[in-house]
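Trainee: Fold the following and give me the result.
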Amino acid sequence: MPQLRNTQTNDIVTVDDQIATWLLSRGSWELYSGAVTPPSFDVAKINRIVARDEDIESWGASTANSDNITFIQNAQNAAAAGGHQLHIPSSKGFYRISDTLYLDDKVVCYGDGRDDGGLRATTTFPTDGRPLIRLGRAGSGTLMFGTRVKEMRLHGESRAHTIVYSTTANEQSGVFNCHIAGYTNTGIHFLNGSCISVEDLELSGSIAGVLYGIHFEECANDNLVKRVTWGPGAAQHAVGLRCWHSQTIGIALHPEQCVVGIDFDDSSGILFGVSGPNTNPTVTTLIRTQNAQECAVFSANKGVATNTIVDVVSGETITTDVKAWFAGGLRIKAGARPTVTGSKGANAALTSLMTALGPSGLGLVTDSTT
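Mentor: Numbers count the residues shown, from 1 in each chain. Below is the predicted model of the structure:
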């Protein structure tokens with residue numbers, strides 16, 4: 001099998017004829033005429049090559065560079081043109097960028113895990129409101145399908161207004177398994193999107209007065225927020241998850257550094273398993289609803305928060321753990337069912353009602369009536 005050498009990185013690989021033909025067509029590989037002894041090589045790197053991924057270091061990016069935005073944007077452009085993914089070798093540390101990185105339709109930007117490095121703003125990153133990463137180009141209007149950021153740390157260096165932003169994100173787009181930190185206003189902001197997912201995140205704002213951890217604004221069709229923690233040890237968010245005119249499903253959410261954990265404002269959605277802070281009593285309200293439409297909460301444990309649920313329109317405030325709650329109506333508190341006593345007499349309607357509410361019906365009360 002032929003051996004090839006990467007003219008930019010000096011990597012040497014042994015591949016079959018088909019892969020060799022494709023690599024030679026890429027322009028950055030040549031036939032290797034050195035020793036025939038099989039060289040050592042990075043198996044993970046070879047897998048990325050075969051999978052048609054663009055590695056940013058092959059385009060000149062380095063953790064030693066003071067600024068990598070040109071190298072990484074060029075790599076992204078190549079990935080978009082070739083239908084490839086964009087690899088950030090986050091296990092090597094942070095790659096500094098001095099301006100917004102734009103990700104195009106269907107580009108997946110991925111690292112090696114969120115425990116080490118990733119992308120980080122330079123100390124000269126503009127403070128004029130621009131994000132660290134934008135899914136889609138400003139002003140283009142092209143919808144983003146399957147555009148993702150995953151498996152790395154993203155840090156705004158207390159300069160980037162927002163870490164991930166998009167006005168065109170749609171199905172299969174989102175942010176996955178990342179640590180989001182160092183933003184001055186909002187961690188993740190999706191505007192006018194649809195069917196977006198954010199999963200397995202930890203969010204840490206950089207300064208006092210950080211507004212939102214995650215903000216869905218005018219986003220339709222069941223957006224998903226799953227396994228997210230806000231904090232600990234970070235600046236207090238005004239709101240952890242804000243949904244405005246949006247539809248959202250939340251699963252396993254843990255607001256710690258927030259005044260309000262989750263805010264449904266003129267929105268609809270379902271929350272499954274919301275747990276409040278363990279040690280931060282400054283969380284005023286775990287879940288707040290304002291003009292909520294079709295909003296339901298299942299299993300909310302307030303921890304040391306002051307309130308579990310506040311419904312602004314009805315004025316209802318719940319300060320105990322909640323098994324189930326529906327905006328504007330029914331709620332089921334944690335603990336034993338209430339017991340109803342007394343005589344039904346000959347009232348057939350009351351007898352029917354107690355049967356429907358009791359253990360043989362909805363199970364909402366214990367029927368001890370006679």
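Trainee: gap between the closest residue to Leu135 other than its chain neighbours and Thr248?
Mentor: Once flanking residues are discounted, Leu135 sits nearest to Ser166: 3.7 Å by C-beta to C-beta, 6 or more residues apart in numbering. In short, each C-beta sits where N, CA and C put it, glycine included. Going from Ser166 to Thr248 by C-beta to C-beta, to the nearest Å gives 16 Å.
Trainee: Which residue of the two possesses the greater neighbour count?
Mentor: Ser166 (26 against 23; other C-beta atoms under 10 Å).
Trainee: Can you tell me what sits against the helix or strand hosting Trp22?
Mentor: In this structure, Trp22 is located in helix 17-25 according to DSSP states H and E. With C-beta atoms under 8 Å, 6 or more residues apart in numbering as the contact definition, helix 17-25 has outside contacts at 1-2, 4, 13, 15, 29-31, 49-50.
Trainee: quick check, nearest of these to Leu103?
Mentor: Distances from Leu103 to those, taken as C-beta to C-beta, are shortest for Ile49 (20.9 Å).
Trainee: low pLDDT regions in the chain?
Mentor: Residue ranges of the chain with pLDDT under 70: 26, 34-52, 208, 232-234, 328-336, 362.
Trainee: Repeat the analysis, applying 80 as the threshold.
Mentor: Along the chain, the model assigns pLDDT under 80 to residues 1-2, 8-10, 16-28, 33-52, 206-209, 232-235, 280-282, 292-293, 328-337, 359-364.
Trainee: max-length helix in it?
Mentor: helix 69-82 (DSSP state H).
Trainee: OK, contacts around the residue nearest to Leu135?
Mentor: 134-136, 144, 147, 173, 189-191, 193.
Trainee: How about Thr355?
Mentor: With C-beta under 8 Å, 6+ apart, Thr355 has these contacts: 361, 367.
Trainee: how about a cut-off of 6 Å?
Mentor: Gly361 (C-beta atoms under 6 Å, 6 or more residues apart in numbering).
Trainee: Can you pull the phi/psi pair for it?
Mentor: Main-chain torsions, Thr355, degrees, to the nearest 10: phi -60, psi -40.
Trainee: Centre of the chain to the longest helix of the chain, how far?
Mentor: 23 Å (C-alpha atoms, centre = their mean, to the nearest Å).
Trainee: Go through that helix and flag the buried ones.
Mentor: By 16 or more other C-beta atoms under 10 Å, the buried positions in helix 69-82 come out as 69, 71-73, 75-77, 79-80.
Trainee: Many thanks, we can stop here.
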